[in-house]
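Student: Need a 3D model of the sequence below.
(2 chains)
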Amino acid sequence: QKEVEQDPGPLSVPEGAIVSLNCTYSNSAFQYFMWYRQYSRKGPELLMYTYSSGNKEDGRFTAQVDKSSKYISLFIRDSQPSDSATYLCAFRGSTLGRLYFGRGTQLTVWP
Amino acid sequence: GAVVSQHPSWVICKSGTSVKIECRSLDFQATTMFWYRQFPKQSLMLMATSNEGSKATYEQGVEKDKFLINHASLTLSTLTVTSAHPEDSSFYICSAAGQGVSPLHFGNGTRLTVT
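Tutor: Modelled structure (predicted):
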């Protein structure tokens, strides 16, 4: 079983839709949970960073963590064409440790 | 804060030549730098972890003689792809950590094409 599972998509939605992106993980040592956005030919950009179960909201983005189910989600409200990118979930076990990434979900928001 | 810069952003080289990629921390001292590789439509895979002043630690399956990493200062790490082949064509990305700065931020990556 892979440590991180993420559906690669692609996912295509109309502008204004609510987008739900998900990852599951198997390593109980993961304590920190991240979502990155990556535009084509660019490095990943940190979107959300959490370390506990529950929800964290930042503008149109909400990150949800369920440690008991080893499941994390990212919700994007009122999606915009500029949200079109690849979204990667990432995990780590300690504050200065390496990151473990999902494959990324390719999202297209069409006007 | 926590800005990481990579150079060059893209490079094309001939098979058999060597290419050097730089990763710099611009506003903090990076005691640790991480080098990742990403193939098209694939995730980021950690290649090696470098600590300032010591030898890099390579992940299983990564050839240390082919991917030379030097972390000689607290603001600069370099990755040299030696005797490059077309299968080394990929997107190389670094991140850095140190002084309470978590390795969450990445450079903009270097796209290497070997012809």
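Student: The residue nearest to residue A:66 when sequence neighbours are not counted: neighbour count?
Tutor: Nearest non-adjacent residue to residue A:66, counting by CB to CB, 6 or more residues apart in numbering or on different chains: residue A:53, 5.9 Å away. C-beta: built from backbone N, CA, C; applies to glycine. Using other CB atoms under 10 Å in any protein chain shown, residue A:53 has 13 other residues around it.
Student: give the contact list for residue A:53.
Tutor: Neighbouring residues of residue A:53 by CB atoms under 8 Å, 6 or more residues apart in numbering or on different chains: A:65-68.
Student: which of these count as buried?
Tutor: Listed as buried from the contacts of residue A:53 are A:65, A:67; burial here means 16 or more other CB atoms under 10 Å in any protein chain shown.
Student: where's the residue nearest to residue A:66 relative to chain B, distance?
Tutor: 20 Å (CB to the nearest CB, to the nearest Å).
Student: Enumerate the residues of chain A near chain B.
Tutor: A:6, A:8, A:34, A:41-46, A:49, A:88, A:95-99, A:101-104, A:106 (CB under 8 Å from any CB of the partner chain).
Student: can you give me the strands for chain A?
Tutor: A:4-6, A:11-14, A:19-25, A:32-38, A:45-50, A:54-58, A:61-66, A:71-76, A:85-92, A:100-101, A:105-110 (DSSP state E).
Student: Which of these sits closest to residue B:44?
Tutor: Set against residue B:44 and scored by CB to CB, these come closest in strand A:100-101, at 4.7 Å.
Student: helices or strands next to the closest one in the packing?
Tutor: strand A:85-92 (3 or more CB pairs under 8 Å, 6 or more residues apart in numbering or on different chains; DSSP states H and E).
Student: okay, how far is it across stretch B:27-34, tip to tip?
Tutor: 17 Å (CA to CA, to the nearest Å).
Student: per-residue confidence averaged over that stretch?
Tutor: Stretch B:27-34 shows an average pLDDT of 88 in the prediction.
Student: Does chain A have contacts with it?
Tutor: Yes. Applying CB under 8 Å from any CB, one finds stretch B:27-34 touching chain A at B:32, B:34.
Student: got a list of contacts for that stretch?
Tutor: Under CB under 8 Å, 6+ apart, the answer for stretch B:27-34 is A:96, A:98-99, B:1-4, B:23, B:25, B:46, B:48-52, B:71, B:74-75, B:77, B:94-99, B:101, B:103.
Student: Just those: which are in strands?
Tutor: Applying DSSP E to the contacts of stretch B:27-34, the entries found in strands are B:4, B:23, B:25, B:46, B:48-51, B:71, B:77, B:94-97.
Student: Show me the two of those that sit farthest apart.
Tutor: B:25 and B:46 (18.0 Å).
Student: So for the two, which sits in the more crowded spot?
Tutor: Using other CB under 10 Å, the more surrounded residue of residue B:25 and residue B:46 is residue B:25, with 27 against 18.
Student: Against chain A, how distant is that one?
Tutor: Taking CB to the nearest CB, one finds residue B:25 at 14 Å from chain A.
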